[in-house]
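*Asks:* what follows is a predicted structure for the sequence shown.
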Amino acid sequence: MKHGRKLASVHLVTYIHRDSSLSETRFGFVVAKSVGGAVIRNLVKRRLRAIAREFLQTQPSAKDLSIVVRALEGAPKASFEELKSELLGSVNTALKKMTA
């Protein structure tokens, strides 16, 4: 999280770093206790993992990335579609900035 790009949105903070030693993209998720209890945190993590899985299937050319997603306190109140648009928008914005 010290290197690369950081993009903040309403419910998420996304950190992206290009690492040439990686053969594929990897995701990490940080959902603190401030987000809610264990059930709520696990719900947010399941949603984020589903979004990440979809990203990996639709963007096979995006390799050698380390992406860390930190959920903010409002994340449980956001719908799946809101989280998806925020995460994918942040990743696409960061990728554009990294290639430019």
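*Replies:* Arrived safely, thanks for sending.
*Asks:* tell me the backbone dihedrals of L65, please.
*Replies:* Phi and psi for L65, reported as degrees, to the nearest 10, are phi -110, psi 140.
*Asks:* and if you look at the one 4 residues further on?
*Replies:* Backbone torsions of V69, given as degrees, to the nearest 10, read phi -120, psi 120.
*Asks:* pLDDT value on it, please?
*Replies:* V69 is assigned 96 on the pLDDT scale.
*Asks:* before we move on, what about K2?
*Replies:* The model reports K2 with a pLDDT of 69.
*Asks:* mind listing what S23 touches?
*Replies:* Under the criterion of CB atoms under 8 Å, 6 or more residues apart in numbering, the contact list for S23 reads 63-64. (Each C-beta comes from the backbone N, C-alpha and C, glycine too.)
*Asks:* and it, helix, strand or coil?
*Replies:* Of the three states, S23 takes coil under DSSP: H, G, I helix; E, B strand; the rest coil.
*Asks:* what about it, distance to A75?
*Replies:* 30 Å (CB to CB, to the nearest Å).
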